[in-house]
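S.K.: Here's a sequence, model it:
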Amino acid sequence: MHTVPKGYLRAFADKSPSRGAPNVWQFGREATEGKLISVRDASVRTDIYTLRGEDGRADTRIETELLSVVDSVFPAAVHSLSSGETPEYWDWRNIFRFMAFQLARTPQIFQILRDEGIRQGVGDGTNFPQLAMVHEAPFLEKWLCGMAWTLCWHRSTLPLLTSDSPVVMWADRGDGAEVGVGFEESGLRILFPLTPKMCLTATQTEATLKAVLDEPADSNPHFSDTYPLRIETGRLSIGQAVMLNQVTVSNAHRYVYSNSADDNVRLFLKDQFFGLSGLVRRSDRKPIGSLVDPEEGVG
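M.R.: So this is what the prediction gives:
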């Protein structure tokens, strides 16, 4: 199953006439050059969403009945935006729902959840990430809908990049960005590249922060069919585009994806990505997936 759906990655495909099936340029942290691969082969993990019963049997309903629906309606909404059309209300809701699940479904996030499950003594963490994803996604969607959003357009020679963890939660610390912050962060920002020329950015609002802090973990998020959305449009300067790309690649787990492997992209990644370590747990600054100390909190 794709942890970053191929329908999303198609928007970042190399559009050169010589390319056949949709292919993206994949750049790894340990590499110095990109590799052109099919979107069908990018960000694939076998059985990552499969639940295991006590008898060892596999339950694939999360993949076949839930994520397949979430993934299938997303590309049409992005195509509507790319074409300059005004999206319908439920097009936006489909985008935010996709983002909510994307925040909770990557191997990086699953490992963080597994670490937390071990710290809390929730079994061996076998099904904990999958069940936590299903439980948390409605909360994430509601909170995303409440934030102040801007649809940003970009025209510089350096395209917007994406990664194997494409929805980024971050905060501007003045002298740099801190990625991996949570929804309880008052200065939370969200970045989600949609295409090489278009992205969504958001800032926390007082109402959203209050909802996050006041919402009990065991409650059921309430939605109305007219949940208010606040979305503006704008254009990115070259400096803003570079900064957002820095945020994107800093949040990458293993791979960055691009529609190009030209000098602009390779030089940027040489400075910002190649050879650099990935995210660590916020609480103890240890690598994600390393031994968890039960006495320590996990961020």
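S.K.: Report all helices and strands that the lowest-mean-pLDDT helix or strand in the chain contacts.
M.R.: The helix or strand of the chain with the poorest confidence is helix 107-120; it has a mean of 83 (mean pLDDT, DSSP states H and E). The elements that helix 107-120 packs onto, with contact taken as 3 or more C-beta pairs under 8 Å, 6 or more residues apart in numbering; DSSP states H and E, are helix 128-146. C-beta coordinates here come from the backbone N, C-alpha and C atoms, glycine included.
S.K.: Give me the residues contacting the helix it packs on.
M.R.: Under the contact criterion C-beta atoms under 8 Å, 6 or more residues apart in numbering, helix 128-146 has outside partners 49-51, 62, 66, 93, 96-97, 99-101, 103-105, 109-111, 113-114, 116-117, 122, 183, 190, 202, 205, 207-208, 211-212, 215, 220-221, 223, 227-229.
S.K.: List the buried residues for stretch 140-154?
M.R.: The neighbour-count check on stretch 140-154 (16 or more other C-beta atoms under 10 Å) flags 140-147, 149-152, 154 as buried.
S.K.: do you know how far the residue of the chain most remote from its centre is from Tyr49?
M.R.: Within the chain, Asp55 marks the point farthest from the mean C-alpha position, 33.1 Å out by C-alpha atoms, centre = their mean. Computed as C-beta to C-beta, to the nearest Å, the Asp55 to Tyr49 distance reads 19 Å.
S.K.: Distance from the chain centre to stretch 263-274, please.
M.R.: The chain centroid and the centroid of stretch 263-274 are separated by 21 Å under C-alpha atoms, centre = their mean, to the nearest Å.
S.K.: same question, stretch 108-117
M.R.: With C-alpha atoms, centre = their mean, you get 15 Å for stretch 108-117.
S.K.: Same check on stretch 34-42?
M.R.: The answer for stretch 34-42 is 18 Å, by C-alpha atoms, centre = their mean.
S.K.: and that stretch, which residues are buried?
M.R.: Quick answer for stretch 34-42 (16+ other C-beta under 10 Å): 34, 39, 42.
S.K.: who are the neighbours in contact with the last one?
M.R.: Put plainly, it is Ala42. Ala42 neighbours (C-beta under 8 Å, 6+ apart): 2, 4, 6, 9, 24, 26, 255, 257.
S.K.: Closest one to Thr86 out of the buried residues of stretch 140-154, please.
M.R.: Proximity of these to Thr86 (C-beta to C-beta) peaks at Leu151, which lies at 11.0 Å.
S.K.: is it true that the closest one touches Arg230?
M.R.: No: using C-beta atoms under 8 Å, Leu151 is not in contact with Arg230, being 11.5 Å away.
S.K.: buried ones in the least confident helix or strand of the chain?
M.R.: Neighbour-count burial for helix 107-120 flags 107-119 (criterion: 16+ other C-beta under 10 Å).
S.K.: and that helix with helix 128-146, angle?
M.R.: For helix 107-120 against helix 128-146, the angle by axes from the mean of the first three to the mean of the last three C-alpha atoms, to 10 degrees is 120 degrees.
S.K.: Any figure for the gap between the residue nearest to Trp153 when sequence neighbours are not counted and Ala202?
M.R.: Using C-beta to C-beta, 6 or more residues apart in numbering and skipping the chain neighbours, the partner closest in space to Trp153 is Arg235 (5.1 Å). Here the criterion is C-beta to C-beta. By it, Arg235 lies 17 Å from Ala202.
S.K.: neighbour-wise, which of the two wins?
M.R.: The neighbour comparison of Arg235 against Ala202 (other C-beta atoms under 10 Å) goes to Ala202, with 23 against 11.
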